[in-house]
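Colleague: A predicted structure for the sequence below; I have some questions about it.
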Amino acid sequence: MAGLDCVVVGYNEGDFEAYRVMSERAGPMSPEYQIFRKEHLSVDGRPLPWMDAFSTVRNKITGRDDRYHVGEVFNLAALYLTSFLRRHGMTAEPVSLFSAERDRLVELLAERPAVVAITTTFYVNVLPVLPIVEMVREHSPGSRIVIGGPLIDNLCRDGITDTAQDLFFTMGADLYVQESQGESALVQLVRAVRDGQDVTRVANVIHCPDGTWELTRRRPEANSLDEGSIDWAGFSPGLVGPTAQIRTARSCAFKCSFCDYPSRAGALTTASVETVRKELRALAEHGVRNVVFVDDTFNVPPKRFKEICRMMIEEDLGLHWYSYFRCSNARDEEAFDLAAQSGCSGVFLGIESGDTEVLGNMHKLAQDSQYRQGIERLNERGITSFASIIVGFPGETERSVQNTVDFLNESRPTFWRAQAWWANPRSPVYRNRELYGIEGEGYTWSHTSMTSSEAAALTDSMFERVTESVWLPLYDFDFWSLPYLEGKGVTVEQLTPMLRISQRIMAARDGGRPEEARLLPQLWREFEAAVAAVDPEPSRFRF
C-alpha cells in the first residue's frame, strides 16, 4: 500500500485491571467503585468485564479463543474520517479497536503513513491515548501523530492552560486539533504534511514551536453531512460486518442542564433523507443486517423521523435498526407504528429520572406520563427498550429515587441501568451551582439534597429494588452490544436470562450476606448453562 497518507485509529478500551485498581482506590463508598462492582463477573477468581466473562465461558465450551467485543462494530469516527480523507484525494485506512487490532495497525504503520490520526470520542482522560502513541513511535517514527476530538476540545475549553500544556506533552503527539468537528482541519494537515508544507497555516491546530503549545487561528467548521456521508463502497464487507453505525444528524436539539454537548457541537444539523437512503442501500449491499443510528435524538424533528421511517419501509432492505429515542417527541401512534414497520428493534431512552421535580431541574422538557406512555407503546410493538437513569442530580432525595424505582417497575422497559450523577463543571446546571449548593465535580460532589457517596449507595439499593426490568452492565457492553450480539446470532430473548443470572450473581457476591454467598456456585452453573445454550458466530477478535 505505497503512498499511504493517513491511518485513523478509532478506540482504545484501556486496561480493565487498571480500571479495577482505580475504582478500588476511590473507596468503597464511591460511585466509581459502585459502578465497577456492577459491571463485572469473576472467572476463575479474575474480575472480567461482562463480555469477556461471556467469551471465556464460551471458549471453555468450544475450545476456541473468541473474544466477543462491541468494538467489532467498526468505530464510526474512524470510518467517517477515513472516508472524508479519501473524498479529498487522500489515501487512508482505519483501525477500529486498538487493543484487538494491533497486528493490523503494525501492518499499516509498515507503510510509513505521513500522518496517524487518533480519535478521542469516548475518552475522559489521556490514558487510552498513550499506548497508541507509543506503538506509532516504535513502528513508524517518521509519521506525524495528530490527536483530535472531544478530549482535546474539552481540555482546551478554558484555553491552553498549564494543565493542558502538561497533558499535551504527556500524550506525546506532534499536533492536536481543537474543533468540535475537525475533519476539515485533518484533511488540510494531512495534505500539508504529505506535501512538506507549513502546518501552522492550518486553522484550529495546536502545535509546539518553541517548547510551548500554541493554537493557530480559530475558524469554526461547518461540514455538510450530505457531502461528507460515508462512501461504504470503499470498505470491504468483511471489515464492516453484519452490524454498522450511521450518523444522520449532528448535535442535539435540547439543552438538558446536565449536558454540555449542544454548546460544544452547535446547532442541530441533519443529513437529507436521500443521503440516508443512499447509505442504507450501500450497507444492505454489504450484507449489513443491523444499523445503529448514533444521532443523539434520532426521532427529532418528528416530521423528519417519520419521513425516514417511510423511506425505510419503501426501500424494504431487510434492515433492523437501533437508536436513541425521545419518548416525549413521539407524540402519536403513527410514530411508533412507523418505527416498528421500518424495522426498529431497540431504542435507548435517556429517561434519567422517574421523578417530576428532578426532571424539571434537568430541563428534560418531559413528563413522567410521557415516558410511561412511550414505553407502553414500545412494549406493545415488541421493540426492546433501555432506560438510562441518573441518580443524585440536584434535587434528588431518597423519595425521588423511590419514584424512579416505582417508575421502572411499573413501566417495565426491557433493560435499565442507573449510575451516580457525574458533575460536569461545564454543564448548564453549574451556572446555578450556588442555588443548589453544588460543591466538587466528577464523581466527588455534594449539594443541598445529596452527596455522591449517598447517590452510590442508593444506586446499589436500586439494583435489588428494580425487579421488572433487567440490568445492563456498562464497561464494553451498554445498550449498543444488543445489535452487535444480534449480528452474531444472539437474540435479546437469549441474552436476557444470562443478564438476569448475572445480576443475581452480583447481588449475592456484593450483598455481604452469607446465605446469599452460598448460592454463588449454583448461580454460576446456571450462568454457564445459559451461555452454553446459545451458539454465536465466531468473533473477529481473539484473546
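Modeller: The structure has been received and is ready for your questions.

Colleague: alpha carbons of the lengthiest helix in the chain, as PDB, please.
Modeller: For the chain, the helix with the greatest residue count under DSSP state H is helix 492-510. In PDB, the C-alpha atoms belonging to helix 492-510 read as follows (Å, rounded to 0.1, in the frame of the first residue of the first chain):
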ATOM      1  CA  VAL A 492     -32.500 -10.400  23.200                       C
ATOM      2  CA  GLU A 493     -34.600 -13.300  24.300                       C
ATOM      3  CA  GLN A 494     -31.500 -15.500  24.600                       C
ATOM      4  CA  LEU A 495     -29.400 -12.700  26.200                       C
ATOM      5  CA  THR A 496     -31.900 -11.700  28.900                       C
ATOM      6  CA  PRO A 497     -31.600 -14.900  31.000                       C
ATOM      7  CA  MET A 498     -27.800 -14.500  31.100                       C
ATOM      8  CA  LEU A 499     -28.100 -11.000  32.300                       C
ATOM      9  CA  ARG A 500     -30.800 -11.800  34.900                       C
ATOM     10  CA  ILE A 501     -28.500 -14.600  36.300                       C
ATOM     11  CA  SER A 502     -25.500 -12.100  36.200                       C
ATOM     12  CA  GLN A 503     -27.500  -9.600  38.200                       C
ATOM     13  CA  ARG A 504     -28.200 -12.300  40.800                       C
ATOM     14  CA  ILE A 505     -24.600 -13.300  40.900                       C
ATOM     15  CA  MET A 506     -23.500  -9.700  41.500                       C
ATOM     16  CA  ALA A 507     -26.200  -9.200  44.300                       C
ATOM     17  CA  ALA A 508     -25.100 -12.400  46.000                       C
ATOM     18  CA  ARG A 509     -21.400 -11.600  45.700                       C
ATOM     19  CA  ASP A 510     -21.700  -8.000  46.900                       C
END
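
Colleague: G350: helix or strand, and which one exactly?
Modeller: If you go by DSSP states H and E, G350 is part of strand 344-352.

Colleague: model confidence over stretch 500-511, on average?
Modeller: Across stretch 500-511, the average pLDDT comes to 94.

Colleague: what does that stretch contact?
Modeller: 37-38, 41-42, 50, 460, 463-464, 470-471, 473, 516-517, 519-520, 523-524, 526-527, 530 (C-beta atoms under 8 Å, 6 or more residues apart in numbering). The way it works is simple: take the backbone N, C-alpha and C, and place the C-beta from them, glycine included.

Colleague: show me the residue sitting in the middle of the chain in space.
Modeller: F122 (6.3 Å; C-alpha atoms, centre = their mean).

Colleague: okay, it: pLDDT?
Modeller: pLDDT, F122: 88.

Colleague: again with A2
Modeller: 51.

Colleague: then the one 4 residues further on?
Modeller: Each residue has a pLDDT score; the one for C6 is 98.

Colleague: surely it and M90 touch.
Modeller: Yes: taking C-beta atoms under 8 Å as the definition, C6 is a contact partner of M90 at 5.9 Å.

Colleague: neighbour-wise, which of these two wins?
Modeller: C6 (29 against 20; other C-beta atoms under 10 Å).

Colleague: contacting residues around the more buried one?
Modeller: If you count contacts by C-beta under 8 Å, 6+ apart, C6 has them with 82, 85, 90-93, 113-117, 186, 190.

Colleague: just the ones of those in strands?
Modeller: 92-93, 115-117 (DSSP state E).

Colleague: just put the residues you listed in TSV and tack on neighbour count, distance to G142 and pLDDT.
Modeller: Below are the ones in strands among the contacts of C6 laid out as TSV (neighbours: other C-beta atoms under 10 Å; distance: C-beta to C-beta, whole Å; pLDDT from 0 to 100):
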residue	neighbour count	distance to G142	pLDDT
A92	25	17	98
E93	22	17	98
V115	25	11	98
V116	27	11	98
A117	31	15	98
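
Colleague: going by distance to G172, which of those residues wins?
Modeller: Distance ranking of the ones in strands among the contacts of C6 against G172, using C-beta to C-beta, places V116 first at 11.8 Å.

Colleague: which residues are in contact with that closest one?
Modeller: Taking C-beta under 8 Å, 6+ apart as the test, what V116 contacts is 6-9, 109, 136, 140, 143-146.

Colleague: repeat that with 6 Å
Modeller: 7, 136, 143, 145 (C-beta atoms under 6 Å, 6 or more residues apart in numbering).

Colleague: how about the secondary structure of the first one?
Modeller: Using DSSP: H, G, I helix; E, B strand; the rest coil, the structure places V7 in strand.

Colleague: what's the neighbour count on it?
Modeller: Other residues near V7 number 25, with proximity taken as other C-beta under 10 Å.

Colleague: before we move on, the earlier item: who's in contact with the strand holding G350?
Modeller: Against strand 344-352 from outside (C-beta under 6 Å, 6+ apart): 320-325, 362, 371, 383-388, 390, 479, 482.

Colleague: packing partners of the helix or strand just after it?
Modeller: Using DSSP H and E, the helix or strand that follows strand 344-352 in sequence is helix 356-362. In terms of contacts (3 or more C-beta pairs under 6 Å, 6 or more residues apart in numbering; DSSP states H and E), helix 356-362 is not packed against any helix or strand.
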